[in-house]
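Undergrad: Structural data only, the sequence is not supplied:
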């Protein structure tokens, strides 16, 4: 398991991250989430941030944990 801080700043990730915005992010200022695949960088994680605050912190999680999160969200959507 890779050890890294739970959050990094935008400066820490400068040049390392290509951010992808969720298709569920709305233009009204709500539900704004972006992710960046950092698994091929020294961070070896997936970064998640609030797209309304690109200079703010990004949460880093292990790829396996991110995969589990996505599977849980998909499962919840299927039952709602």
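TA: Done, it's in. Because the structure is a prediction, the values reported are computed rather than measured.
Undergrad: From what I see, residue 17 and residue 38 are in contact.
TA: Yes. Contact criterion C-beta atoms under 8 Å: residue 17 and residue 38 qualify, at 6.3 Å. Bear in mind the C-beta positions are built from the backbone N, C-alpha and C, glycine included.
Undergrad: so what's the residue lying closest to residue 62 once chain neighbours are set aside scoring on pLDDT?
TA: Distances taken as C-beta to C-beta, 6 or more residues apart in numbering put residue 45 closest to residue 62, at 6.2 Å, once the chain neighbours are dropped. Predicted confidence (pLDDT) for residue 45: 91.
Undergrad: Number of residues surrounding residue 45?
TA: By the criterion of other C-beta atoms under 10 Å, residue 45 has 24 neighbours.
Undergrad: my guess is it contacts residue 61, does it?
TA: Yes. Judged on C-beta under 8 Å, residue 45 makes contact with residue 61 at a distance of 6.0 Å.
Undergrad: picking that back up, overlap of the contact sets of residue 17 and residue 38?
TA: residue 47 (C-beta atoms under 8 Å, 6 or more residues apart in numbering).
Undergrad: Need phi/psi at the residue nearest to residue 62.
TA: Torsion angles at residue 45 (phi, psi; degrees, to the nearest 10) stand at phi -150, psi 180.
Undergrad: does the residue at minimal distance from the centre of the chain sit in a helix, a strand or a coil?
TA: In the chain, the residue lying closest to the centroid (C-alpha atoms, centre = their mean) is residue 48, at 1.9 Å. Per DSSP: H, G, I helix; E, B strand; the rest coil, the local secondary structure of residue 48 is strand.
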